[in-house]
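**Q** All I have is the shape, not the residue letters:
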């Protein structure tokens, strides 16, 4: 196996010159740089990445944590991040949580953060903001999908309060007054912001929200089914529902069908997150969609520019950390006036 000494002899340069080329630790004359590159190729020499990291004091490795059930489709996340990291000559260390258990998410996140990465991008799903803070400690971490006040400069997020407000206001414009709100029982921080937005829109339209119209459950098909049944038991006169995401909304649809209620003729339905399922439901579900690709690009730019090493990246610091979800109007909502006819 060729060594750095062999490369130096082949290129007719010093070992220290080869080291500077490999580690990019200091400028090298163009002819010598080219000679070293050709020598490494000819000898099929591959630098020891661990040794490089010790010399440079950074690894060119970015850690990524994501949960499969989150609104951030794993395929979309990986394709966007991989393309950007490849262009920046960085590598990806991935940890995926395929479980709905919050305890497992914390264990897997803790495990990823033990590795020597230059920075981490994490997409927490079940964990509360406090749990996230307890995990990251002194690590350089970019949180994608959460607004955490103490990490305001390292958070890329959707304005969830605005999301809850706009979903509700849209329904009130269609003359709905009794609007149910179904949130996630295991993502309290996001659900709380959406509920505040919901209550703000109701108040602005001079409508009195009722505790009978608010319900929480697991963000799953089964959770949506259970929550819808409970809401309608508490108030059978609800004319619209705002649901945590489209997967949960599919369960709501099944519950309404079993009760003989039609969408949108009897109950209008909006999902706060479009994970990709919404348009395939029957009827096609009105939903709010995160600008996921834009958010991921901002997260990568933020992650790499926060590594304070000269020449570490050519990317620029993102212009914005906060994003607005887009309302996609489909077939699951109609005016309350048309229901009364």
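**A** Structure's in. What do you need? Nothing here was measured: the structure is a model prediction, and the numbers come from that model.
**Q** now residue 60, nearest residue through space, not along the chain?
**A** Once flanking residues are discounted, residue 60 sits nearest to residue 90: 5.1 Å by Cβ to Cβ, 6 or more residues apart in numbering. The C-beta positions use only the backbone N, C-alpha and C, and glycine is treated the same way.
**Q** from memory residue 68 sits against residue 94, does it?
**A** No - Residue 68 is beyond contact range of residue 94, at 12.0 Å (criterion: Cβ atoms under 8 Å).
**Q** quick one: residue 319 and residue 38, what's the gap?
**A** Separation of residue 319 from residue 38 (Cβ to Cβ, to the nearest Å): 41 Å.
**Q** Compare neighbour counts for those two and give me the winner.
**A** Neighbours were counted for residue 319 and for residue 38 using other Cβ atoms under 10 Å; residue 38 has more, 13 against 7.
**Q** how distant is stretch 260-276 from the center of its chain?
**A** How far stretch 260-276 lies from its chain's middle: 24 Å, per Cα atoms, centre = their mean, to the nearest Å.
**Q** Tell me the buried residues in that stretch?
**A** Buried residues in stretch 260-276, counted by 16 or more other Cβ atoms under 10 Å: 261, 263-264, 267-276.
**Q** Among the residues you listed, which one lies nearest to residue 86?
**A** residue 276 (24.6 Å; Cβ to Cβ).
**Q** Output the below-cut-off pLDDT ranges for the stretch 51-200 of the chain.
**A** 51-58, 69-73, 100-101 (pLDDT under 70).
**Q** mind listing the strands for it?
**A** 61-67, 91-97, 119-123, 141-144, 155-158, 179-184 (DSSP state E, counting those that start in this stretch).
**Q** Columns mean neighbour count and distance to residue 7 on top of the ones you listed, output as JSON lines?
**A** JSON lines is the format used below for those (neighbours: other Cβ atoms under 10 Å; distance: least, Cβ to Cβ, whole Å):
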{"stretch": "strand 61-67", "mean neighbour count": "23", "distance to residue 7": "24"}
{"stretch": "strand 91-97", "mean neighbour count": "17", "distance to residue 7": "22"}
{"stretch": "strand 119-123", "mean neighbour count": "24", "distance to residue 7": "30"}
{"stretch": "strand 141-144", "mean neighbour count": "25", "distance to residue 7": "36"}
{"stretch": "strand 155-158", "mean neighbour count": "24", "distance to residue 7": "41"}
{"stretch": "strand 179-184", "mean neighbour count": "27", "distance to residue 7": "55"}
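**Q** Dump the ones you listed into CSV; add distance to residue 235 as well.
**A** Listed next are the strands of the stretch 51-200 of the chain as CSV, based on distance: least, Cβ to Cβ, whole Å:
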stretch, distance to residue 235
strand 61-67, 33
strand 91-97, 36
strand 119-123, 35
strand 141-144, 37
strand 155-158, 29
strand 179-184, 8
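**Q** What are the buried residues along the longest helix anywhere in the chain?
**A** When the chain is parsed with DSSP state H, its longest helix is helix 188-204. Using 16+ other Cβ under 10 Å as the test for burial, helix 188-204 gives 189, 190, 191, 193, 194, 195, 197, 198, 199, 200, 201, 202.
**Q** And stretch 165-185, by the same measure?
**A** 165-172, 174, 176-184.
**Q** okay, how far is it across that stretch, tip to tip?
**A** 20 Å (Cα to Cα, to the nearest Å).
**Q** One more: stretch 239-252?
**A** 13 Å.
**Q** what about that stretch, average pLDDT?
**A** Averaged over stretch 239-252, pLDDT sits at 96.
**Q** what distance separates that stretch from the centre of its chain?
**A** That offset, for stretch 239-252, works out to 20 Å (Cα atoms, centre = their mean).
**Q** likewise stretch 320-337?
**A** From the chain centre to the centre of stretch 320-337 is a distance of 19 Å (Cα atoms, centre = their mean).
**Q** Could you break the chain into its assigned domains?
**A** As given by automatic domain parsing, the domain ranges for the chain are 4-56, 61-144+291-323, 160-290+326-340.
**Q** Of those domains, which is nearest residue 150?
**A** domain 61-144+291-323 (6.5 Å).
**Q** Quick one: end-to-end length of that closest one, please.
**A** Note: domain 61-144+291-323 ends 27 Å apart using Cα to Cα.
**Q** who touches the residue nearest to residue 99 when sequence neighbours are not counted in this structure?
**A** Nearest residue to residue 99, sequence neighbours excluded (Cβ to Cβ, 6+ apart): residue 105, at 7.2 Å. Residue 105 sits next to 67, 97, 99, 124, 125, 126, 127 when contact means Cβ atoms under 8 Å, 6 or more residues apart in numbering.
**Q** From residue 170, how far out is residue 105?
**A** For residue 105 relative to residue 170 (Cβ to Cβ), the value is 32 Å.
**Q** Just the endpoints, please. Distance across stretch 265-279?
**A** 18 Å.
**Q** thinking in terms of the whole chain, how far from its middle is that stretch?
**A** Taking Cα atoms, centre = their mean, one finds stretch 265-279 lying 20 Å from the centre of the chain it belongs to.
**Q** Residue 334 against residue 266, yeah?
**A** No - the pair residue 334 / residue 266 is not scored as a contact, 9.8 Å apart, by Cβ under 8 Å.
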